[in-house]
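Novice: Dropping a prediction and its sequence here:
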Amino acid sequence: MKLQCDVEVVSRMLPTFGMKSRGKGARGLLSIGKHLDKTSQRSQVYMMICTAKDKTGSKYKLKDNIEKFFTWFVEEGKATVRLKEPAVDICLSKADANSLKNFLCAARLADRGSEAGSLPLSTLTPVRARDVQQPKKKLTIVSKKDYPLTSTFPYSLEQLQVSYCRLARVDMRMLSLKALRKLDLSNNHIKKLPATIGDLGCLSELVLHSNHLESFSEALCLSTLQQTLQLLDLSQNRLQSLPAQFCQLRELVNLKLDDNKLLSLPFHLGRLNKLRFLSAAHNQLTVLPGDFRKLRLENLDLFGNPFVQSNPLDLSSQLTFPVSLQELASRAVANLRISYGPHLIPAHLCRDLELAKMCYCGRFCVSFYIKMAVKMNLHQVSHTVVLVDDMGGTDAPVQQHFCSLSCYCEFLDVSLRRQIKERYERDA
């Protein structure tokens, strides 16, 4: 049984001499195995600790010699083993949690005097320098010939880049790297993302540009990425849409969607209130969602999209007269902010309410409305705007919804008066 971790051996006699431990562990390799006791001439089970300064190792007898285990933080890879003789505490940290549990279990069995045959023993031999090196935190692979096929990725990795390796799928070995903060899988052939990427509880940067992605699953949007993901690069893929749940990734600061086939942006994009950098150049966007007005960005790039020219008379109407009772009830729930859920109302009504549209008058409409595109200067939502077209414009069409014909007519009236005023001021 072997364990790689940071280890510090602290003598409990130090306070007696007015001394303190240095409080810093060294990278080491711990082994449990049999060793010949020269005093009794019998083989007993020992724990051996090897470090870079002591490659031959120090041995500690285990049978009837462990006073106590301290395992409150074992899930964080930390534990302490208190020995009776010598009076030392062996402090372990930065260990793999599962390996640490197995090691402590073997040490407990050795302390109780279990038969050697029932213990996973190792040979107690001096270690090589590479066995006691500090754990690797960053790994970059940019060639298929360098990709590990038989060995595993170091569990301690915090940054992993695997590019130009022609990966057709995400290697499941990467998804066991619980300390991973940045995962860069750019320039591969990945078509689909596994939902288990959402189990990487520390992941703050996910780079997937230049792949063959055709979708971004709802499961990822509802995973722990909601609390951790700050940068997401999906540029140069084959995405045509993003799920409505995409806007649950509310920690996003930087979002890159360039060079895809997106026909629209997520309906509730404005809920990403921490978003500061957004690029969606060279897609198939014709109009922006109404929620886009809520964004507060530092940099915005929408160049190369076939935006439509806004025309107040070019509208799409889904109004019926009279308005249905279901629509009236749904509007009341949205306007009064009444809580709802699938345990209270049917799931399809919940989905409709999630996509409730705000009218020009400030009230909500759900399934029955008039819709049109309204021109908006993008400087209203972003400090820096990359030109929308080759003509130097920074205007783009944004969806506007109306809950009734009277709201639509009022908007036309105000819009017409504004146009007359602007034309008069320009001519003057």
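Specialist: Everything's here; your move. Residues are numbered from 1 along each chain as shown.
Novice: use CA for all of it now, contacts and neighbours both
Specialist: Will do.
Novice: Name the SS class of the closest residue to Gln380 other than its chain neighbours, please.
Specialist: Excluding its sequence neighbours, the residue lying closest to Gln380 (CA to CA, 6 or more residues apart in numbering) is Arg293, at 7.7 Å. Assigned state for Arg293: helix (three-state reduction, DSSP: H, G, I helix; E, B strand; the rest coil).
Novice: what sits against Arg293?
Specialist: 270, 380-381 (CA atoms under 8 Å, 6 or more residues apart in numbering).
Novice: can these go into a markdown table with extra columns for distance to Phe246 and pLDDT?
Specialist: Conversion of these to a markdown table gives the following (distance: CA to CA, whole Å; pLDDT from 0 to 100):
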| residue | distance to Phe246 | pLDDT |
| --- | --- | --- |
| Gly270 | 11 | 90 |
| Gln380 | 23 | 93 |
| Val381 | 20 | 94 |
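Novice: out of these, which one sits closest to Cys202?
Specialist: Gly270 (24.8 Å; CA to CA).
Novice: Please name the residues that touch that closest one.
Specialist: Gly270 touches 291-295, counting by CA under 8 Å, 6+ apart.
Novice: Which residue ranges of the stretch 51-200 of the chain form helices?
Specialist: 97-111 (DSSP state H, counting those that start in this stretch).
Novice: so where is it shaky, pLDDT-wise?
Specialist: Within the stretch 51-200 of the chain, the segments meeting pLDDT under 70 span 116-117, 132-133.
Novice: quick revisit: which of the contacts of Arg293 lies closest to Asn102?
Specialist: Gly270 (47.8 Å).
Novice: Remind me what the longest strand belonging to the chain packs against, helices and strands.
Specialist: For the chain, the strand with the greatest residue count under DSSP state E is strand 26-37. Other elements packing on strand 26-37 under the criterion 3 or more CA pairs under 8 Å, 6 or more residues apart in numbering; DSSP states H and E are strand 2-11, strand 42-51.
Novice: which other helices and strands contact the first one?
Specialist: With contacts defined as 3+ CA pairs under 8 Å, 6+ apart, the secondary structure elements packing on strand 2-11 are strand 26-37, strand 88-93, helix 97-111.
Novice: how close does Met222 get to Lys138?
Specialist: Heads up, residue 222 is Leu, not Met. 28 Å (CA to CA, to the nearest Å).
Novice: of those two, who's got more company?
Specialist: Between Leu222 and Lys138, Leu222 has the larger neighbour count (other CA atoms under 10 Å), namely 17 against 14.
Novice: wait, what's in contact with the more buried one?
Specialist: Counted by CA under 8 Å, 6+ apart, Leu222 has contacts 245, 248-249.
Novice: circling back: would you mind measuring from the residue nearest to Gln380 to Met376?
Specialist: 9 Å.
Novice: Which of the three states applies to Tyr408?
Specialist: Under three-state DSSP, Tyr408 comes out as helix.
Novice: Now Phe70. Nearest residue, chain neighbours left out?
Specialist: In space, Phe70 is closest to Thr80, 5.0 Å off (CA to CA, 6+ apart).
Novice: For that neighbour, give its distance to Lys59.
Specialist: 16 Å.
Novice: follow-up on the earlier one: minimum distance to Ala396: which of the helices and strands packed on strand 26-37 has it?
Specialist: Proximity to Ala396 (CA to CA) singles out strand 2-11 among the helices and strands packed on strand 26-37, at 55.9 Å.
Novice: tell me the domain boundaries of the protein?
Specialist: 2-38+45-132, 138-284, 315-381+393-427 (automatic domain parsing).
Novice: List of residues touching stretch 236-246?
Specialist: 209-218, 221-222, 257-268.
Novice: out of these, which are buried?
Specialist: 209-217, 221-222, 257-268 (16 or more other CA atoms under 10 Å).
Novice: For Phe17, report the pLDDT, please.
Specialist: Phe17 is assigned a predicted lDDT (pLDDT) of 65.
Novice: now Lys20
Specialist: So, for Lys20, pLDDT stands at 67.
Novice: contacting residues for Gln248?
Specialist: Neighbours of Gln248 in contact, by CA under 8 Å, 6+ apart: 221-222, 226, 271-272.
Novice: Tell me which of the residues you listed fall in helices.
Specialist: 221, 226 (DSSP state H).
Novice: from the contacts of Gln248, which is closest to Lys68?
Specialist: Gln226 (40.1 Å).
Novice: And for that closest one, the neighbour number?
Specialist: Neighbour count for Gln226, taken as other CA under 10 Å: 20.
Novice: what pLDDT does it get?
Specialist: 94.
Novice: show me the contacts for it.
Specialist: Counted by CA under 8 Å, 6+ apart, Gln226 has contacts 248-251.
Novice: With Thr384 instead?
Specialist: Residues near Thr384 by CA under 8 Å, 6+ apart: 298-300.
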